[in-house]
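Asks: Please find the sequence and the predicted model below.
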Amino acid sequence: MQPQSTAFTTLEDAAERGDAVRFWREQRYDGLECLSAVFRRHRYVPHTHETYAIAAVLDGCEAFHHRGARHYVSPGSFAVVCPDELHDGEPADDGFVYRVLYPTIDLMRSVAEDAFGRPVPGTPWFDHSVVDDADLAGELVKLQIALTDPEVTLLERDARLGRFFSAMLGRWGGLGEPIKLGHESGPLTKARDYLDQHFDRDVALDELAQVAGLNRSHLVRSFRKAMGTTPHAYLLDRRYRAARRLLAAGEGPAEVAAACGFCDQSHLNRVFKARMGVTPGAFRAQ
């Protein structure tokens with residue numbers, strides 16, 4: 001069972017807890033390691049990783065030595081340490097709250113080749129120890145939360161992960177712009193039809209991309225441009241429409257939730273009310 005995301009976003013939230021840590025792996029993404037922590041006392045000794053270490057601070061400030069200099073990372077920025085690089089870490093003042101991703105080299109190469117449409121030899125590299133990019137720092141936090149939220153579909157998790165790492169590689173890894181969009185009406189029709197037919201399953205982005213015959217990143221960007229929404233949002237809309245039909249026919253909300261691919265009845269309630277304005281039970285009663 002995966003841990004629930006920590007609720008701590010500020011040092012004040014964690015005032016009575018001192019240090020608090022949660023660590024887990026996402027085997028689906030080449031064993032992506034994730035850490036969510038509050039550190040007031042803990043200090044890392046100098047060490048290296050086989051993976052990257054990408055850390056966004058939500059509150060407070062972390063100080064660390066990297067590439068012969070002392071650096072500070074605070075809200076609105078994130079730290080990047082490449083594989084095999086020596087670094088440490090400690091509270092710069094009263095402590096810090098942060099979230100960390102540890103992607104493997106293979107995962108980063110896979111995302112890069114998918115998004116930029118060309119082989120990426122060696123180890124993708126980042127020149128900055130601290131990146132001042134508030135949008136991407138926020139996306140890192142949202143991605144980590146999405147990975148532990150049972151209501152988030154595989155399509156959404158896959159797309160968020162690819163979007164975050166491809167943006168990092170493009171903006172700060174020197175890879176430039178992703179593949180340009182063209183006219184993909186045929187592949188997108190295949191993708192849309194597949195979601196229409198399989199809305200009750202947790203369809204993965206790899207699976208949908210294979211059906212469409214497009215790269216994962218290209219599919220998500222093209223789908224949004226053509227349909228005005230993401231594959232994940234389209235899938236939820238199809239689940240809502242199917243649920244509406246079953247409820248109107250007299251089926252109970254619990255049975256409808258299971259039949260339409262929702263993780264539970266509460267999930268159905270939130271999705272349904274956000275689109276219909278009333279709960280499934282109230283809709284069925286009328």
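Replies: Perfect, thanks for sending it.

Asks: use CA for all of it now, contacts and neighbours both
Replies: Fine.

Asks: any idea where the helices of the stretch 101-250 of the chain begin and end?
Replies: 105-116, 134-147, 154-172, 185-197, 205-212, 216-227, 231-248 (DSSP state H, counting those that start in this stretch).

Asks: Against which helices or strands is the first one packed?
Replies: In terms of contact count using 3 or more CA pairs under 8 Å, 6 or more residues apart in numbering; DSSP states H and E, helix 105-116 is assigned the packing partners helix 154-172, helix 216-227.

Asks: Just the C-alphas of stretch 47-58, formatted as CSV.
Replies: C-alpha atoms of stretch 47-58 as CSV (Å, rounded to 0.1, in the frame of the first residue of the first chain):
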residue,chain,number,x,y,z
HIS,A,47,26.9,11.3,-0.4
THR,A,48,26.0,10.5,-4.0
HIS,A,49,23.1,8.8,-5.8
GLU,A,50,22.9,6.6,-8.9
THR,A,51,19.8,8.6,-9.7
TYR,A,52,19.1,12.3,-10.0
ALA,A,53,17.9,14.1,-6.9
ILE,A,54,15.3,16.9,-7.7
ALA,A,55,14.0,18.7,-4.6
ALA,A,56,11.4,21.4,-4.2
VAL,A,57,11.2,23.3,-0.9
LEU,A,58,7.7,24.3,0.2
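
Asks: could you list every residue that touches L214?
Replies: Counting by CA atoms under 8 Å, 6 or more residues apart in numbering, L214 makes contact with P187.

Asks: ok so, going back, which one of the helices of the stretch 101-250 of the chain lies nearest to F272?
Replies: Using CA to CA as the measure, helix 231-248 is the one of the helices of the stretch 101-250 of the chain that comes nearest F272, at 6.0 Å.

Asks: Pairing partners for the longest strand seen in the chain, with directions?
Replies: Across the chain, the longest stretch assigned as strand under DSSP state E is strand 87-102. With DSSP bridges as the test, strand 87-102 is paired with strand 32-39 (antiparallel), strand 44-47 (antiparallel), strand 53-66 (antiparallel).

Asks: Kindly reformat those as JSON lines containing mean neighbour count and distance to V256.
Replies: Formatted as JSON lines, the strands paired with strand 87-102 follow (neighbours: other CA atoms under 10 Å; distance: least, CA to CA, whole Å):
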{"stretch": "strand 32-39", "mean neighbour count": "21", "distance to V256": "34"}
{"stretch": "strand 44-47", "mean neighbour count": "12", "distance to V256": "50"}
{"stretch": "strand 53-66", "mean neighbour count": "22", "distance to V256": "39"}
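
Asks: Of all those strands, which one comes closest to D193?
Replies: Of all the strands paired with strand 87-102, it is strand 32-39 that lies closest to D193, at 31.4 Å by CA to CA.

Asks: Just the CA atoms from the closest one would do, formatted as PDB, please.
Replies: Extracted in PDB, the C-alpha atoms of strand 32-39 (Å, rounded to 0.1, in the frame of the first residue of the first chain):
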ATOM      1  CA  LEU A  32      11.100   6.200  -9.100                       C
ATOM      2  CA  GLU A  33      11.900   7.000  -5.500                       C
ATOM      3  CA  CYS A  34      10.000   9.700  -3.700                       C
ATOM      4  CA  LEU A  35      10.600  11.500  -0.400                       C
ATOM      5  CA  SER A  36       8.300  13.900   1.500                       C
ATOM      6  CA  ALA A  37       9.900  15.400   4.600                       C
ATOM      7  CA  VAL A  38      10.100  18.000   7.300                       C
ATOM      8  CA  PHE A  39      13.600  18.500   8.600                       C
END
